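Engineer: quick one, fold the following:
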Amino acid sequence: MTEPQAPALLQVRRHGDGEHVAELVLDRPEAMNAVSTALARELAATTRELAEDPGVRAVVVTSSHPRAFCVGADLKERNALTDEELVRHRTVARAGYGGVLALPVPAVAAVDGFALGGGLEIALSCDLIIAGEEATVGLPEVSVGVIPGAGGTQLLTRRVGWSRAASLIFTARRLGAAEAAGLGVVDELVAAGSARERALQLAGEIAAHSPVGLRNAKKAMRLGAGTDLAAGLEIEDACWRATAFSGDRREGVAAFVEKRSACWPGE
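Structural biologist: Numbering: from 1, shown residues only. As a prediction, this is how the structure comes out:
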């Protein structure tokens with residue numbers, strides 16, 4: 001007799017013509033999507049599948065909970081772990097968060113409600129963050145004796161600069177959506193409850209463009225961000241070459257000349 005399978009903690013939905021937009025739904029509502037070992041493991045596996053799917057041109061990360069995107073690590077689970085178990089959990093957690101960051105296509109986070117700790121780090125691992133006007137974000141880890149360890153110290157600093165990131169991380173302060181937008185923590189502010197709708201709309205606009213161009217543009221931006229300008233320009237040139245001699249470039253130019261919509265081969 002087989003044991004019943006645990007319910008999935010993530011959902012994947014496809015949207016748009018050709019279903020090129022993948023919506024990754026955090027679906028552990030009873031815990032406000034707190035990141036357990038099981039959720040992190042699913043996040044790693046699901047993002048790997050999306051990364052390997054040539055039909056995916058954009059990803060939107062959303063939540064099934066109306067009042068929370070994700071409240072961060074599952075501290076109840078963490079409290080029961082031995083030091084050895086915590087080390088094993090760390091490997092799984094890094095793979096989960098890293099899977100979001102490593103998505104080769106543009107990724108948009110739709111934040112309504114709370115995005116705290118690891119929840120904000122999931123959003124920061126995306127390229128763009130859309131937030132509802134009643135959202136609350138923050139990295140409160142130092143208040144419970146740890147640090148933002150899922151990319152927060154690096155991603156927030158790159159997004160808003162050293163002093164702003166230092167203020168937010170050292171004080172463990174929570175931000176309302178308007179202040180977060182003003183500081184650049186989130187990219188776009190929308191009416192409460194409409195972040196998912198706007199993020200899907202934006203992802204649809206993105207997905208209408210060349211899949212080869214999108215992947216190589218993101219690759220050039222990500223790889224070049226941590227280098228000096230000269231090295232970044234060399235990375236850009238390599239990504240340009242990978243795009244310029246593709247079927248997408250030939251189709252894109254032909255469609256422009258012929259004044260029609262492109263039918264991207266994605267090669």
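
Engineer: show me what the least confident helix or strand in the chain by mean pLDDT is packed up against.
Structural biologist: The helix or strand of the chain with the lowest confidence, counting by mean pLDDT, DSSP states H and E, is helix 75-79 at a mean of 90. In terms of contacts (3 or more Cβ pairs under 8 Å, 6 or more residues apart in numbering; DSSP states H and E), helix 75-79 is packed against no helix or strand at all. (Glycine included, C-beta is placed from N, CA and C.)

Engineer: buried ones in stretch 161-172?
Structural biologist: The neighbour-count criterion (16 or more other Cβ atoms under 10 Å) identifies 165, 168-169, 172 as the buried residues of stretch 161-172.

Engineer: looking at those, which is nearest I130?
Structural biologist: Minimum distance to I130 across the buried residues of stretch 161-172 is 19.5 Å, recorded for L168 (Cβ to Cβ).

Engineer: neighbouring contacts of the helix or strand immediately after the least confident helix or strand of the chain in the chain?
Structural biologist: The helix or strand immediately downstream of helix 75-79 is helix 83-101, counting by DSSP states H and E. Under the criterion Cβ atoms under 8 Å, 6 or more residues apart in numbering, residues 35, 37, 39-48, 51, 61, 73, 78, 81, 107, 118, 121-122, 125-126, 149-151, 155 lie in contact with helix 83-101.

Engineer: which of those residues are buried? Put it as a PyMOL command.
Structural biologist: Under the burial definition 16+ other Cβ under 10 Å, those of the contacts of helix 83-101 that qualify are selected in PyMOL by:
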select buried, resi 35+37+39+40+41+42+43+44+46+47+61+73+78+107+118+121+122+125+126+149+150+151+155
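
Engineer: among the contacts of helix 83-101, which lie within helices?
Structural biologist: Mapping the contacts of helix 83-101 onto helices (DSSP state H) picks out 37, 39-48, 51, 78, 118, 121-122, 155.

Engineer: list the contacts for the most centrally placed residue in the chain?
Structural biologist: Among the residues of the chain, the one closest to the centroid is C126, at 2.6 Å (Cα atoms, centre = their mean). Taking Cβ under 8 Å, 6+ apart as the criterion, C126 is in contact with 59, 61, 100, 107-109.

Engineer: okay, domains of the protein per the record?
Structural biologist: If the domains of the chain are taken from automatic domain parsing, they occupy 10-207, 211-258, with pieces of a single domain joined by a plus sign.

Engineer: hey, which of these is tucked in deepest?
Structural biologist: domain 10-207 (a mean of 19; mean count of other Cβ atoms under 10 Å).

Engineer: span of that domain from start to end?
Structural biologist: One end of domain 10-207 to the other measures 22 Å (Cα to Cα, to the nearest Å).

Engineer: strands along the protein, start to end?
Structural biologist: Taking DSSP state E as the criterion, the chain carries its strands at 10-15, 21-26, 58-63, 68-70, 107-111, 114-116, 128-132, 136-138, 174-176, 188-190.

Engineer: packing partners for the second one?
Structural biologist: Read it as strand 21-26. strand 10-15, helix 37-52, strand 58-63, helix 195-207.

Engineer: avg pLDDT for it?
Structural biologist: On average, the pLDDT along strand 21-26 is 98.

Engineer: could you dump the least confident helix or strand of the chain to PDB, C-alpha only?
Structural biologist: The C-alpha trace of helix 75-79 is given here as PDB (Å, rounded to 0.1, in the frame of the first residue of the first chain):
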ATOM      1  CA  LEU A  75      10.800  29.500  11.700                       C
ATOM      2  CA  LYS A  76       8.700  26.800  13.500                       C
ATOM      3  CA  GLU A  77      10.400  24.200  11.400                       C
ATOM      4  CA  ARG A  78      13.800  25.800  11.800                       C
ATOM      5  CA  ASN A  79      13.400  25.900  15.600                       C
END
